[in-house]
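# structure, please.
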Amino acid sequence: MSSFSPSPFLRYALVGDALASGATGLLLVLGAGALTGLLGLPEALMRAAGLILLPYAAVVAFLGTRATMSRRAVWAVIAVNGVWVADSLILLASGWVSPTALGYAFVLAQALAVLVFAEAQYLGLRRAARTWPAAA
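Prediction:
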């Protein structure tokens with residue numbers, strides 16, 4: 001795997017993603033019971049999503065703080081973010097859950113935030129590609 005020195009922009013996009021994912025993960029793990037009535041989302045679903053987000057946040061934070069990064073690792077983060085956004089929209093469209101209006105807003109808002117992080121990571125990676133040697 002080829003590695004590169006990331007720009008501050010890409011670092012911020014990764015670390016911001018890690019912080020937001022970690023905070024959301026903690027909220028969902030610790031507050032799923034309290035949020036169920038407000039959001040109309042199943043407690044088990046929210047807790048499971050939170051448990052997925054916590055290790056994801058740790059991995060992305062680790063990646064975002066390295067002096068050099070693997071292009072494949074950054075692409076993997078972007079891909080996982082894309083899957084998260086798609087899954088969020090599928091969840092709402094599928095009829096598997098019956099969220100409240102606030103629940104719809106919550107799912108859409110977090111999906112939009114994830115999409116923004118993915119786009120920022122993609123732009124940061126694209127900018128870095130211009131500085132890679134041709135052989136990399």
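# remind me which residues of the protein are low pLDDT?
Counting by pLDDT under 70, the low-confidence segments of the chain come to 1, 130-136.
# so which elements touch the longest helix along the chain?
Ranked by number of residues, the top helix in the chain under DSSP state H is helix 8-39. Judged by 3 or more Cβ pairs under 8 Å, 6 or more residues apart in numbering; DSSP states H and E, helix 8-39 is in contact with helix 43-64, helix 71-94, helix 101-129. (Each C-beta comes from the backbone N, C-alpha and C, glycine too.)
# now with 7 Å, please.
Counting contacts by 3 or more Cβ pairs under 7 Å, 6 or more residues apart in numbering; DSSP states H and E, helix 8-39 is packed against helix 43-64, helix 101-129.
# which parts of the longest one are buried?
Spelled out, that is helix 101-129. For helix 101-129, burial by neighbour count (16 or more other Cβ atoms under 10 Å) applies to 103, 106-107, 110-111, 113-118, 120-122, 124-125, 128.
# chain center to the longest helix of the chain, what's the gap?
When C-alpha coordinates are averaged (Cα atoms, centre = their mean, to the nearest Å), helix 8-39 and its chain have centres 9 Å apart.
# got the angle for it vs helix 101-129?
Calculated by axes from the mean of the first three to the mean of the last three Cα atoms, to 10 degrees, helix 8-39 forms an angle of 170 degrees with helix 101-129.
# tilt between helix 8-39 and helix 43-64?
Angle of helix 8-39 versus helix 43-64, following the same axes, to 10 degrees, is 170 degrees.
# give me the angle between helix 8-39 and helix 71-94.
Compare the direction of helix 8-39 with that of helix 71-94 by the same axes, to 10 degrees and you get 20 degrees.
# on that earlier part again, looking at the helices and strands packed on helix 8-39, which is closest to residue 26?
helix 43-64 (7.0 Å; Cβ to Cβ).
# so which elements touch that closest one?
Using 3+ Cβ pairs under 7 Å, 6+ apart as the contact definition, the elements that helix 43-64 packs against are helix 8-39, helix 71-94.
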